[in-house]
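S.K.: Structure, please.
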Amino acid sequence: MKKPNKEAVAFSRHINDWLTVYVPTVQSSSAHTVKNHHDALSLFLHFITQVKGLDARTFSFKLLERQVIEEWILWLKNDRKNSSETCNNRLASIRAFIKYLSEKDVSLTYLACESAQIPRQRSVRKKVEGLSKNAVKALLNAPDTNTSTGRRDLVFLILMYGTAARIDEVLSMKIQHLHLHASKPYATIIGKGNKVRTLYLLPKVVAHLEKYIVEFHPTQLDPDSYVFYSRIKGTSTKMTQPAIAKRLHKYAAVANGECPEVPLNLHAHQIRHAKASHWLEDGMNIVQISFLLGHADVKTTMVYLDITTEQEEKALATIENEKDREIPKKWKKAPQSFAELCGLRVIK
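M.R.: All right, here's what the predicted structure looks like:
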């Protein structure tokens, strides 16, 4: 490769910092998220070098302008035959990176504004296949508790269903995040964007966790050790999502024989969705469910659970009742200048 220009060097440095430092520590601890961002940027670089015929000598940040990104999205859709959902995921990754760039270099702020205006591809949202309570019961009966692996997997399933946590949230849980001897036992969950939330644990979950810790953490507890771990060459490491997926498929096949409602291609997210649906069936308010799921917006939960119009009205009424509307607004006045809109100091 011939000597790159200054913008290409800066671009590569920002990519490295974003993928290896910012995303894993600030945006998300999920390896899956990092991989998605990495794939999106790799495809974008492939597009500008192999399709548009540019290289590190001719690179310019102008290649991140709206017109080029829209051309890239169409290339993904038409040439690579990516689905609308995949195109939208790639677009989200590029937007996140450009936003990061704009925070590092104010002269690139316009790129973030442009990318935010790029419309998403229209797609039909795939409904998550639910699990009935009978299906969940059959699934929990599937692990062989005569083996240590079966006992571990049972506790993992009980914790996932009991908290409706995301799979990576459970896999990332460490001993220090469990508070089993508090007056009201709870677990601290580190969610997307490193957002922290507290989930209280029911007695059944606590009892299984206590037995599990005695068996799988028999020596003095290390607060930084993972609750669920794999042993590789004598070292305890974080369990991987593919390993859990393999176990779930095995138990789904067993549970399907007892309850045909258990899908053979079961994935972890269906357990989370099932618990949220069961909370709703049991009369829990949408706002409470939204908090427990770690959703930033209650409307996300409404879409997630296919909430009816009537249920949506009740939820919104809970968020803001008549008294709330009479409370004076506490947020700041609207920005009076473009500089304020950009979060900059107004120079007088």
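S.K.: From now on I want contacts and neighbour counts done on CA atoms only, so please keep to that.
M.R.: Will do.
S.K.: which residues in the protein form strands?
M.R.: 178-179, 186-190, 196-200, 229-232, 235-238 (DSSP state E).
S.K.: Show me what the last one is packed against.
M.R.: Looking back up the chat, that one is strand 235-238. Counting contacts by 3 or more C-alpha pairs under 8 Å, 6 or more residues apart in numbering; DSSP states H and E, strand 235-238 packs against strand 229-232.
S.K.: Could you do the second one as well?
M.R.: Using 3+ C-alpha pairs under 8 Å, 6+ apart as the contact test, the elements touching strand 186-190 are helix 167-171, strand 178-179, strand 196-200.
S.K.: most packed of these?
M.R.: helix 167-171 (a mean of 20; mean count of other C-alpha atoms under 10 Å).
S.K.: just to revisit the earlier point, okay if I get the helices and strands packed on strand 186-190 as TSV plus mean pLDDT and distance to Thr188?
M.R.: Formatted as TSV, these follow (pLDDT from 0 to 100; distance: least, C-alpha to C-alpha, whole Å):
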stretch	mean pLDDT	distance to Thr188
helix 167-171	91	10
strand 178-179	94	7
strand 196-200	89	5
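S.K.: Which of these sits closest to Glu215?
M.R.: strand 178-179 (15.9 Å; C-alpha to C-alpha).
S.K.: just to revisit the earlier point, columns distance to Lys250 on top of the helices and strands packed on strand 186-190, output as CSV?
M.R.: As requested, these are exported to CSV (distance: least, C-alpha to C-alpha, whole Å):
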stretch, distance to Lys250
helix 167-171, 17
strand 178-179, 28
strand 196-200, 28
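S.K.: Quick check: which of the ones you listed is nearest to His38?
M.R.: His38 lies closest to helix 167-171 among the helices and strands packed on strand 186-190, at 18.4 Å (C-alpha to C-alpha).
S.K.: what does the domain assignment say about this structure?
M.R.: Domain assignment of the chain by automatic domain parsing yields the ranges 6-116, 133-283.
S.K.: Put together TSV for the ones you listed, with distance to Ser123 on each row.
M.R.: Converted to TSV, these look like this (distance: least, C-alpha to C-alpha, whole Å):
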stretch	distance to Ser123
domain 6-116	6
domain 133-283	20
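S.K.: Ok, which of those comes nearest Leu293?
M.R.: That would be domain 133-283 among those, by C-alpha to C-alpha, at 6.5 Å.
S.K.: from the chain's centre, how far out does the closest one sit?
M.R.: Relative to its chain's centre, domain 133-283 lies at 17 Å (C-alpha atoms, centre = their mean, to the nearest Å).
S.K.: one step back: turn the strands of the chain into CSV, columns for distance to Asp144.
M.R.: Shown next, in CSV, are those (distance: least, C-alpha to C-alpha, whole Å):
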stretch, distance to Asp144
strand 178-179, 25
strand 186-190, 26
strand 196-200, 27
strand 229-232, 18
strand 235-238, 22
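S.K.: Now for the closest residue in space to Leu209 that isn't next to it in sequence: which residues touch it?
M.R.: Using C-alpha to C-alpha, 6 or more residues apart in numbering and skipping residues adjacent in sequence, the residue nearest Leu209 is Val155, 6.6 Å away. When contacts are counted by C-alpha atoms under 8 Å, 6 or more residues apart in numbering, Val155 is found next to 205, 208-209, 212.
S.K.: Return the distance of Val155 relative to Thr145.
M.R.: Counting by C-alpha to C-alpha, to the nearest Å, the gap from Val155 to Thr145 is 10 Å.
S.K.: Show me the residue sitting in the middle of the protein in space.
M.R.: By C-alpha atoms, centre = their mean, the mean C-alpha position of the chain lies nearest to Lys192, the distance being 5.1 Å.
S.K.: Cool, thanks, talk later.
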